[in-house]
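**Q** Just to be clear, the model below is a prediction. Sequence and coordinates:
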Amino acid sequence: MAITPTPPPSPSPYFKITGLGEKGLGAIATSTIPANTLLFSESPLLKVLHSPSSGIDKAEQVSAAFTALPAHSQTLFLSLAGGAEAGVEGAWKCNNFMLTTDGLENAVFAHASRINHSCDGGENAYWRWEGGKGRIEFWSGKRVEEGEEITHCYRPDWRMGTGNRRLALMGEYGFLCGCVVCEAGVDDLL
């Protein structure tokens with residue numbers, strides 16, 4: 001049985017971070033949020049710019065970046081999904097955001113990592129990397145009702161059918177997706 005960590009304070013007046021049973025922690029709207037509202041913005045907890053020509057693999061870079069963090073940031077990083085079970089590698093695998101389309105720049109964010117997944121069409125929020133500011137921004141993509149979980153789609157490019165997508169999410173992020181899209185069995189192969 002997994003132990004749910006103490007929820008961190010919310011970075012936003014629009015939601016609270018709370019325990020969601022088997023899902024771990026997530027973000028729940030504390031009031032109705034209009035569409036296209038900036039929910040929050042934050043700097044990375046840990047960021048890696050991978051250069052394949054360096055001869056250092058990404059896992060080594062992640063480990064070195066983690067070691068360079070202050071102790072309180074290391075504790076926060078390891079409190080994220082996957083950290084208790086599989087350490088630095090597990091927390092990185094479950095929580096990193098691909099910031100560039102080439103996949104060479106990735107980061108983990110303390111609060112953005114608490115926004116859970118819903119497959120394409122079921123999510124109510126989206127994010128964008130503001131490289132010039134060095135911050136991730138999360139926006140409501142549609143109206144979010146009070147008490148509703150705020151979610152985003154981890155991989156909108158995965159149009160492979162519900163069964164295959166669920167297997168891919170389990171392999172990549174370590175969870176069986178039970179979002180409204182998967183539960184409805186929506187055919188996304190088109």
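**A** Sure thing, it's come through.
**Q** pLDDT wise, what is the residue nearest the centre of the chain at?
**A** Nearest to the mean C-alpha position of the chain, by CA atoms, centre = their mean, lies residue 113 at 3.8 Å. Per-residue pLDDT puts residue 113 at 92.
**Q** show me what contacts the closest residue to it other than its chain neighbours?
**A** Closest residue in space to residue 113, ignoring its immediate chain neighbours: residue 95 at 4.1 Å, by CB to CB, 6 or more residues apart in numbering. The way it works is simple: take the backbone N, C-alpha and C, and place the C-beta from them, glycine included. For residue 95, the contacting residues are 80, 81, 82, 108, 109, 113, by CB atoms under 8 Å, 6 or more residues apart in numbering.
**Q** So which of those sits lowest on pLDDT?
**A** Among the contacts of residue 95, pLDDT bottoms out at residue 82, giving 77.
**Q** So which residues of this protein form strands?
**A** 15-19, 25-29, 38-42, 46-49, 97-98, 105-108, 116-117, 125-130, 135-140, 149-152 (DSSP state E).
**Q** Mind listing residues that contact the third one?
**A** For strand 38-42, contacts defined as CB under 8 Å, 6+ apart pick out 11-12, 14-15, 33, 109-112, 125, 130, 133, 135-140, 150.
**Q** rerun that using 10 Å as the cut-off
**A** 10-15, 27, 29, 33, 109-113, 115, 125-127, 130, 133-140, 144, 150 (CB atoms under 10 Å, 6 or more residues apart in numbering).
**Q** what is the rounded mean pLDDT of that strand?
**A** 95.
**Q** Figure out how far that strand is from the centre of its chain.
**A** 14 Å (CA atoms, centre = their mean, to the nearest Å).
**Q** what lines up beside it in the sheet?
**A** strand 135-140 (antiparallel) (DSSP bridges).
**Q** Flag every buried residue along the partner strand.
**A** By 16 or more other CB atoms under 10 Å, the buried positions in strand 135-140 come out as 136, 137, 138, 139, 140.
**Q** what is the orientation angle of it with strand 25-29?
**A** Angle, strand 135-140 to strand 25-29, by axes from the mean of the first three to the mean of the last three CA atoms, to 10 degrees: 50 degrees.
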